[in-house]
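>>> give the three-dimensional model of this entry:
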Amino acid sequence: MSQALFSVASGAGTHEKRLDVLANNLSNVNTVGYKQDRLIFRVPSEEGQKTPGDEPQDLLYSPPPLPAGTTIDFSQGHLRNTENRLDLALSGEGFFCIQTPDGRMYTRNGSFALDEDGVLATREGYPVLGRGGEIKISGQDVTIDENGDVYADGGRAGSIKVVGISDVHLLRKTGDSLFAPPGGGVNEMDAEGTLVKQGFLEGANVNPIRAMTEMIDIMRGYESYQKVIQFLDSVTQKSIAGVGNP
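This is a model prediction of the structure:
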């Protein structure tokens, strides 16, 4: 494959991957606590190669950057008032701790409810961890202050565990707005300055207008790459057809 065709095909492939990431982000624009993905690139270590020949006019070219996966953007989303006493949002960095069959996981989705035993849990039925374990609430008037302390009918029922994670980039998405730690776990720490907001939910940190604008730009760029590929293919066919002709 010629250098020109390789560069164009690489650019088209990059645009396709960017489009996939954007489409997934947009499909989750209404998912509570969703954190958007961003495409990251790997720059080849080789700074440049000289084109064949020793003429002074020969140019240097650098291999194009290549997609190397995605990273999670953990910036905060907009807080929406729901007036539901069991809906919680975090203002600041940090995560709720959730006990799942696969171990402890983390989330920013505070759409909670009480299970049949009165334990505070996610909508999927996973217990929300407090500082002393599960939080069982028996009472009608539930109040949760900004420190995460839970009161039911005036009596203290527990305190919600909110943690910060120093190596947050190690977390991976597992569905249901949950983030799983790696096999060796992560370093939990106090989420200083983070407030628990009762009656609020955190929306996705996806800007739909910006994402749509970027998607249109990517599609136009992809179409341009396709036209160049078609042109190069046409030139190649003409060159092959001309071989051996007088």
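>>> the bottom helix or strand of the chain by mean pLDDT?
When the helices and strands of the chain are compared on mean pLDDT, DSSP states H and E, strand 49-50 comes out lowest with a mean of 48.
>>> assign M212 to helix, strand or coil.
Recorded secondary structure, M212: helix (DSSP: H, G, I helix; E, B strand; the rest coil).
>>> try the one 4 residues further on
Local secondary structure at I216 is given as helix here, using three-state DSSP.
>>> from F112, how far off is it?
When CB to CB, to the nearest Å is applied, the distance between I216 and F112 equals 38 Å. Backbone N, C-alpha and C define where each C-beta goes, glycine included.
>>> please identify the helix or strand for F179.
For F179, the enclosing helix or strand under DSSP states H and E is strand 178-180.
>>> tell me the average confidence for that strand?
For strand 178-180, the mean per-residue pLDDT is 97.
>>> what's it packed up against?
Helices and strands in packing contact with strand 178-180 are listed as strand 95-100, strand 103-107, strand 172-175; criterion 3 or more CB pairs under 8 Å, 6 or more residues apart in numbering; DSSP states H and E.
>>> out of these, flag the one nearest G203.
Of all those, the one in closest proximity to G203, counting by CB to CB, is strand 103-107 (14.1 Å).
>>> which parts of that closest one are buried?
Burial within strand 103-107, assessed by neighbour count using 16 or more other CB atoms under 10 Å, is assigned to R104, M105, Y106, T107.
>>> can you list contacts of it?
33, 95-98, 122, 126, 129, 163, 165, 171, 174, 176-181 (CB atoms under 8 Å, 6 or more residues apart in numbering).
>>> and stretch 75-83, by the same measure?
Taking CB under 8 Å, 6+ apart as the rule, stretch 75-83 contacts 33-35, 89-93, 108, 197, 199-206.
>>> tally of neighbours for the residue nearest to G199 when sequence neighbours are not counted?
Computed as CB to CB, 6 or more residues apart in numbering, the closest residue to G199 that is not its neighbour in sequence is E83, at 5.2 Å. Around E83 there are 8 other residues, counting by other CB atoms under 10 Å.
>>> which pLDDT value belongs to E83?
E83 is assigned a predicted lDDT (pLDDT) of 92.
>>> from F200, how far off is it?
For E83 relative to F200 (CB to CB), the value is 9 Å.
>>> same deal with E214?
Between E214 and F200 the distance is 28 Å, computed by CB to CB.
>>> the two - which one has more neighbours?
Regarding E214 and F200, a neighbour count based on other CB under 10 Å identifies F200 as having more, with 20 against 15.
>>> give me the nearest residue to the more buried one, chain neighbours excluded.
Among residues not flanking F200 along the chain, A89 sits closest, at 3.9 Å (CB to CB, 6+ apart).
>>> which secondary structure element contains the one you found?
strand 88-91.
>>> can you list the buried residues of strand 103-107 in JSON lines and add pLDDT?
Conversion of the buried residues of strand 103-107 to JSON lines gives the following (pLDDT from 0 to 100):
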{"residue": "R104", "pLDDT": "95"}
{"residue": "M105", "pLDDT": "97"}
{"residue": "Y106", "pLDDT": "98"}
{"residue": "T107", "pLDDT": "98"}
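>>> where does this structure have low pLDDT?
Under the criterion of pLDDT under 70, the regions of the chain flagged as low confidence span 1-13, 15, 43-68, 221-246.
>>> could you chop it up by domain?
Residue ranges for the domains of the chain, per automatic domain parsing: 3-75+206-241, 79-202.
>>> which of these is buried the deepest?
By mean neighbour count, with neighbours taken as mean count of other CB atoms under 10 Å, domain 79-202 ranks first of the domains of the chain at a mean of 17.
>>> can you give me the end-to-end distance of it?
The separation between the terminal residues of domain 79-202, taken as CA to CA, to the nearest Å, is 4 Å.
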